[in-house]
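S.K.: could you work out the structure for the sequence below:
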Amino acid sequence: MPVEDVVAEVAGNPLTDVTFSGGEPFFQAQEVCEVAKRLKALGKNIWVYSGYTFEQLIASDDPCKRELLRYCDVLVDGPFLLAERDLTLSFRGSRNQRIIDLTTKRGMERSF
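M.R.: Numbering: from 1, shown residues only. Got it, this is the predicted structure:
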């Protein structure tokens with residue numbers, strides 16, 4: 001689906017939050033970044049789930065991965081690990097995963 005179509009579909013929805021997950025959004029960082037950039041301009045709050053850790057993403061040689069983080073408000077990082085599964089957790093499936101407020105991190109980190 002073209003970026004324009006995705007943005008138009010989401011823009012027509014009254015919900016303010018958007019979540020990128022499944023199929024690893026950072027495998028398609030350039031395309032997802034373009035969607036995130038346009039949705040952010042529309043005032044959407046953006047969450048992204050990734051099997052990568054925050055540290056892996058900001059250390060990446062791919063500038064699109066770091067740029068995508070700039071348009072996201074929250075990152076839920078780390079792979080789901082069955083051995084760490086915890087059904088009592090909110091917004092994540094296993095204890096190794098972290099919920100990172102990127103809006104706060106941007107003020108502290110200079111690398112993304």
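
S.K.: ok, longest helix in the protein?
M.R.: helix 29-41 (DSSP state H).

S.K.: which outside residues touch that one?
M.R.: 3, 6-7, 10-11, 18, 20, 25-26, 46, 48, 62, 64-65, 67-68, 71-72 (C-beta atoms under 8 Å, 6 or more residues apart in numbering). The way it works is simple: take the backbone N, C-alpha and C, and place the C-beta from them, glycine included.

S.K.: among those, which are located in strands?
M.R.: Mapping the contacts of helix 29-41 onto strands (DSSP state E) picks out 18, 20, 46, 48.

S.K.: with distance to R95 and pLDDT as added columns, please give these in TSV.
M.R.: Formatted as TSV, these follow (distance: C-beta to C-beta, whole Å; pLDDT from 0 to 100):
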residue	distance to R95	pLDDT
V18	26	97
F20	22	97
I46	24	98
V48	20	98
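
S.K.: may I ask which of these has the most neighbours?
M.R.: V48 (24 neighbours; other C-beta atoms under 10 Å).

S.K.: picking up where we left off before, starting at the chain centroid, how far to the longest helix of the chain?
M.R.: Between the centre of helix 29-41 and the centre of its chain there are 10 Å (C-alpha atoms, centre = their mean, to the nearest Å).

S.K.: and what of stretch 91-102?
M.R.: With C-alpha atoms, centre = their mean, you get 12 Å for stretch 91-102.

S.K.: contacting residues around that stretch?
M.R.: Contacts of stretch 91-102 (C-beta under 8 Å, 6+ apart): 53-54, 69, 72-86, 89.

S.K.: buried among those? Make that a ChimeraX selection.
M.R.: Entered in ChimeraX, the line below selects the buried ones among these, by 16 or more other C-beta atoms under 10 Å:
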select :53,54,69,72,73,74,75,76,77,78
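
S.K.: from the contacts of stretch 91-102, which land in helices?
M.R.: 54, 69.

S.K.: how much space between the spatially most central residue of the chain and D61?
M.R.: Centroid check for the chain by C-alpha atoms, centre = their mean gives V48 as the closest residue, at 2.1 Å. Distance, V48 to D61, using C-beta to C-beta, to the nearest Å: 19 Å.
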